[in-house]
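Asker: Predicted model and sequence below, questions to follow.
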Amino acid sequence: MAYSINEACVSCWACLPLCPSNAITASSNSGTHFKIDPKKCTECNGDFADPQCSSICPIEGAILDASGEALNPPGSLTGISPGRLEEAMVEIQTRAR
Ligand code: SF4
Ligand code: SF4
């Protein structure tokens, strides 16, 4: 079982040094995100109680579990529910007009 990083990653480098399995690599192409080697990722089993990458990742939805579920789902880090965020974005866009 392994986790994965998707295109929401902002390449902040926070997770890379924390991985006990050296499973995370930075893409050399600009504009692309970091990656997890599924052959190396252990989900931190045996090393830490919590996955180190998703524990530090500041971006909701950037790291997925083996079934594709976000480890930090929308609202989990900001405390703003997806519905409230959508309402706020509409308000902001309305003000900008
Ligand atoms: S879950 Fe653990 S082993 Fe897997 S990529 Fe994240 S930090 Fe590395
Ligand atoms: S901590 Fe999250 S946003 Fe930062 S490089 Fe890792 S996956 Fe990307």
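Answerer: On my side now, so go ahead. Ligands and ions are numbered 1, 2, ... in the order given.
Asker: can you pull the contacts of Gly75?
Answerer: Contacts for Gly75 (Cβ atoms under 8 Å, 6 or more residues apart in numbering) come out as Glu60, Ser81, Pro82, Leu85. The way it works is simple: take the backbone N, C-alpha and C, and place the C-beta from them, glycine included.
Asker: Strands of the protein, residue ranges please.
Answerer: 4-5, 24-25, 35-36, 63-64 (DSSP state E).
Asker: any chance of the ones you listed in TSV, plus mean pLDDT and distance to Ile56?
Answerer: TSV is the format used below for the strands of the chain (pLDDT from 0 to 100; distance: least, Cβ to Cβ, whole Å):
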stretch	mean pLDDT	distance to Ile56
strand 4-5	96	13
strand 24-25	96	11
strand 35-36	96	14
strand 63-64	97	10
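Asker: right, and those strands - which one's nearest ligand 2?
Answerer: Nearest to ligand 2 among the strands of the chain is strand 4-5 (4.5 Å), distances taken as Cβ to the nearest ligand atom.
Asker: who touches that closest one?
Answerer: By Cβ under 8 Å, 6+ apart, strand 4-5 touches Cys15, Ile24, His33, Phe34, Lys35, Ile36, Pro38, Cys53, Ala62, Ile63, Leu64.
Asker: right, is it up against ligand 1?
Answerer: No. Using Cβ under 6 Å from any ligand atom, strand 4-5 stays clear of ligand 1, coming no nearer than 8.2 Å.
Asker: do that strand and ligand 2 meet?
Answerer: Yes. In terms of Cβ under 6 Å from any ligand atom, part of strand 4-5 sits within range of ligand 2, namely Ile5.
Asker: ok now that strand, how far from the chain's centre?
Answerer: Taking Cα atoms, centre = their mean, to the nearest Å, one finds strand 4-5 lying 7 Å from the centre of the chain it belongs to.
Asker: Thanks a lot, catch you later.
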